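Asks: Provided below are the primary sequence and the corresponding predicted coordinates.
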Amino acid sequence: MIRASWKTALGWAGVIALLAVAPQLGAQSPDLNALLREVEQAARQGGEINREREARFLRDRSKQQALLREAEAEQKQAQARIDAIRKRFEAQQQEIQALKTQLRDNVGELDQMYAGIRQTASDLRSTASESLITAQTPERLDLLDRLAERSELPEIGDLEALWVTMLEQAVEAGRSVRFDAQVVRPDGVGQTQSVVRVGPFTAMSDGEYLSLDADGRLVALPQQPSWGWARTASAFEAADPGVVVPVMIDPSRGTLLKVEGERPDLLERIRQGGAVGFLILVIGFIGIVIALVQWRYLSSAGGRMRRQQADRAHPKPNNPLGRLLLTFSDDAAPTDDPELVELRLSEAVLKETPRIERAQSLVKLFAAVAPLLGLLGTVTGMIATFQAITVFGTGDPKLMAGGISQALVTTVLGLVAAIPLLFLNSLLVARAKVLIQMLDEESAVMLADRMERQP
């Protein structure tokens, strides 16, 4: 097939060569033999060139086949190396698994022991982070963190340090210690102060209670507990070593102290009642003052009346009975008509009655108004609460606390003002009845005496 192609190519080459030399033949002598020789020579030269090209092509093809065979041989060698490496890898994996199994068998209960050590260190770390003892020895947290997060076997020194830390925690829990530490004030400024620690429960400095924040720093409570707590703290700090002094401790490690410090005092409670609460207090105060003034007057008048009752011969105008006696003395009441005398006695008693019963109506009014104002404060507080719910929803209870506090505090203030006013009003009424009854009795005695003296 290739040879036929080459022959065809040679024929065309001869024709081309003939056409190429034909003009020259026309230009030269018409010697056909010379032309034939030239054509044959050109054909021979073209055939040699073609044969040389064919031979070169065959040589290149043989070389490419050799390269192909060489590449295939290298591929087989590489595949053989890959298979050998894979087999060695699988064998090493099996050996690793066997060694791991042997390691687990050799470790045995030690693995459980090390897991227990890590768990113990983690639990102690959680306890120590919230303990006031850490404020005195903060470096122990690094050891506990290292043991709790360690994946390899712990060293003997770390195990001994863990044992010492646990023993120290148990011993320090029963001691009261004084030491110097950095204390963060409520304004955020830290300063070194003398701190007294009572076990892991309570720490105090300069009469103030301290707490431990998330970073392990001692922080003064922004709102200290009541005055009684502060007094015991100051007395405990000033006590000499070895002297037993009572002190209040917080077993919740700061929670109760914070709750006690945030508890509002009496003035804060009153402020929660708002304007209605202050109005209730003003009314209650005025009513109590009026009732006490009237009670003092009745007590004084009752004492003078009893003294006057014992000395009727010398009436005095500083008491109702004395004025009654002066009104119906022999000189002041010349008539002997019993009916007229009785009317004059009734008039004198009625004249003294308003002074004896004064302030009762006002105190009774204040006692009735105070709980009504408390109810008014309750309604306004609930309105404020529902307005907060409408605007902010129920997600944050603190937004509703103001209205609820006003509702409850005003109710309490109304009852607190009304209850003593009711008691005082009852006392005034009872005391006034006693005095009026004493005047009635004395007027009856005077009337009987006057009638007995008639001829």
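Replies: Thanks, I have the structure now.
Asks: domain ranges for this structure?
Replies: Structural domains assigned to the chain are 2-91, 115-173, 176-261, 274-452, following automatic domain parsing.
Asks: okay if I get those as TSV plus mean neighbour count?
Replies: Quick note: C-beta positions are derived from backbone N, CA and C, even for glycine. Shown next, in TSV, are the domains of the chain (neighbours: other CB atoms under 10 Å):
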stretch	mean neighbour count
domain 2-91	11
domain 115-173	15
domain 176-261	15
domain 274-452	16
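Asks: residue ranges with poor pLDDT in the stretch 201-350 of the chain?
Replies: The stretch 201-350 of the chain contains residues with pLDDT under 70 at 222, 226-230, 253-254, 261-262, 328-338, 341.
Asks: try the stretch 1-150 of the chain
Replies: 1-32, 57-62, 64, 67, 106-111.
Asks: contacting residues around stretch 124-141?
Replies: 144-145, 148, 162, 165-166, 168-169, 172-173, 177, 179, 181, 195, 197, 199-203, 210, 212, 216-218, 253 (CB atoms under 8 Å, 6 or more residues apart in numbering).
Asks: Serialize the domains of the chain to TSV and add fields for distance to Arg104.
Replies: Listed next are the domains of the chain as TSV, based on distance: least, CB to CB, whole Å:
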stretch	distance to Arg104
domain 2-91	21
domain 115-173	13
domain 176-261	39
domain 274-452	53
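Asks: nearest to Leu267, of these?
Replies: When those are compared by CB to CB, domain 274-452 sits nearest Leu267, at 11.2 Å.
Asks: centre of the chain versus the closest one, how much separation?
Replies: Distance of domain 274-452 from its chain centroid, counting by CA atoms, centre = their mean, to the nearest Å, is 51 Å.
Asks: ditto for stretch 251-266
Replies: 13 Å.
Asks: Using CSV, list the CA coordinates for it.
Replies: The C-alpha coordinates for stretch 251-266 follow below in CSV (Å, rounded to 0.1, in the frame of the first residue of the first chain):
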residue,chain,number,x,y,z
PRO,A,251,-22.4,28.8,103.0
SER,A,252,-23.4,29.5,99.4
ARG,A,253,-20.0,31.2,98.8
GLY,A,254,-21.4,34.7,98.0
THR,A,255,-24.9,34.1,96.7
LEU,A,256,-26.6,34.9,100.0
LEU,A,257,-24.5,38.0,100.5
LYS,A,258,-25.4,39.3,97.1
VAL,A,259,-29.1,38.7,97.7
GLU,A,260,-28.9,40.3,101.2
GLY,A,261,-27.1,43.3,99.7
GLU,A,262,-29.6,43.7,96.9
ARG,A,263,-32.6,43.5,99.3
PRO,A,264,-34.1,47.0,99.5
ASP,A,265,-34.2,48.8,102.9
LEU,A,266,-37.1,50.6,104.3
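Asks: List of residues touching that stretch?
Replies: Under CB under 8 Å, 6+ apart, the answer for stretch 251-266 is 130-132, 200-202, 209, 211-212, 221-226, 229, 250, 272.
Asks: try it again with 6 Å
Replies: Applying CB atoms under 6 Å, 6 or more residues apart in numbering, the contact partners of stretch 251-266 are Glu130, Phe201, Tyr209, Ser211, Leu221, Gln223, Gln224, Pro225, Asp250.
Asks: now swap in stretch 269-286 and tell me
Replies: For stretch 269-286, the surrounding residues in contact (CB under 6 Å, 6+ apart) are Phe366, Ala370, Leu373, Leu376, Gly377, Ser405, Gln406, Val409, Thr410, Leu413, Gly414, Ala417.
Asks: one more time with 8 Å, if that's ok
Replies: With CB under 8 Å, 6+ apart as the contact definition, stretch 269-286 has outside contacts at 264, 366, 369-370, 373-374, 376-377, 380-381, 402, 405-406, 409-410, 413-414, 416-418, 420-421.
Asks: Can you tell me which of the residues you listed end up in helices?
Replies: 366, 369-370, 373-374, 376-377, 380-381, 402, 405-406, 409-410, 413-414, 416-418, 420-421 (DSSP state H).
Asks: quick one on the thing from earlier: restricted to helices, list the contacts of stretch 124-141.
Replies: Going by DSSP H, the helices hold Leu144, Asp145, Ala148, Leu162, Thr165, Met166, Glu168, Gln169, Glu172 from the contacts of stretch 124-141.
Asks: ok, now which ones touch the first one?
Replies: What it means is Leu144. Residues in contact with Leu144 (CB under 8 Å, 6+ apart) are Ala121, Ser122, Leu124, Arg125, Ala128, Leu162, Thr165.
Asks: how far away is the closest residue to the second one other than its chain neighbours from Ala121?
Replies: In other words, Ser122. Spatial nearest neighbour of Ser122, excluding adjacent residues (CB to CB, 6 or more residues apart in numbering): Ala148 at 4.1 Å. From Ala148 over to Ala121 the distance is 4 Å, taken as CB to CB, to the nearest Å.
Asks: Next: Gly414.
Replies: Using CB to CB, Gly414 is found at 59 Å from Ala121.
Asks: Once you drop chain neighbours, what's closest to Ala418?
Replies: Ala370 (4.1 Å).
Asks: got it, and Ser176?
Replies: Ranked by CB to CB, 6+ apart and with sequence neighbours excluded, the top spatial neighbour of Ser176 is Val198, at 5.1 Å.
Asks: partner residues bridging the one you found?
Replies: Applying DSSP bridges to Val198 gives these bridge partners: Ser176, Thr202.
Asks: Begin at 12 from now on, thanks
Replies: Shifting the count to begin at 12 puts that one at Val209.
Asks: residue contacts, it?
Replies: Val209 neighbours (CB under 8 Å, 6+ apart): Ser187, Met215, Phe247, Val258, Ile260.
Asks: so can I have JSON lines of those residues showing distance to Gln105?
Replies: Conversion of the contacts of Val209 to JSON lines gives the following (distance: CB to CB, whole Å):
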{"residue": "Ser187", "distance to Gln105": "63"}
{"residue": "Met215", "distance to Gln105": "66"}
{"residue": "Phe247", "distance to Gln105": "70"}
{"residue": "Val258", "distance to Gln105": "68"}
{"residue": "Ile260", "distance to Gln105": "63"}
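Asks: just checking, Leu386 touches Leu426?
Replies: No: shown here, Leu386 and Leu426 do not form a contact pair, counting by CB atoms under 8 Å, at 10.4 Å.
Asks: ok so, going back, which of the contacts of Val209 lies closest to Ser357?
Replies: Within those, proximity to Ser357 (CB to CB) peaks at Val258, which comes in at 70.9 Å.
Asks: what are the phi and psi values for that closest one?
Replies: Here is the backbone geometry of Val258 (degrees, to the nearest 10): phi -150, psi 150.
Asks: hang on, it packs against Phe247?
Replies: Yes: with contact defined as CB under 8 Å, Val258 counts as touching Phe247 (4.1 Å).
Asks: all strands for the stretch 62-211 of the chain, in order.
Replies: 187-195, 201-209 (DSSP state E, counting those that start in this stretch).
Asks: Including distance to Glu452 and mean pLDDT, could those go into JSON lines?
Replies: Conversion of these to JSON lines gives the following (distance: least, CB to CB, whole Å; pLDDT from 0 to 100):
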{"stretch": "strand 187-195", "distance to Glu452": "72", "mean pLDDT": "78"}
{"stretch": "strand 201-209", "distance to Glu452": "69", "mean pLDDT": "79"}
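Asks: Good, we can wrap up now.
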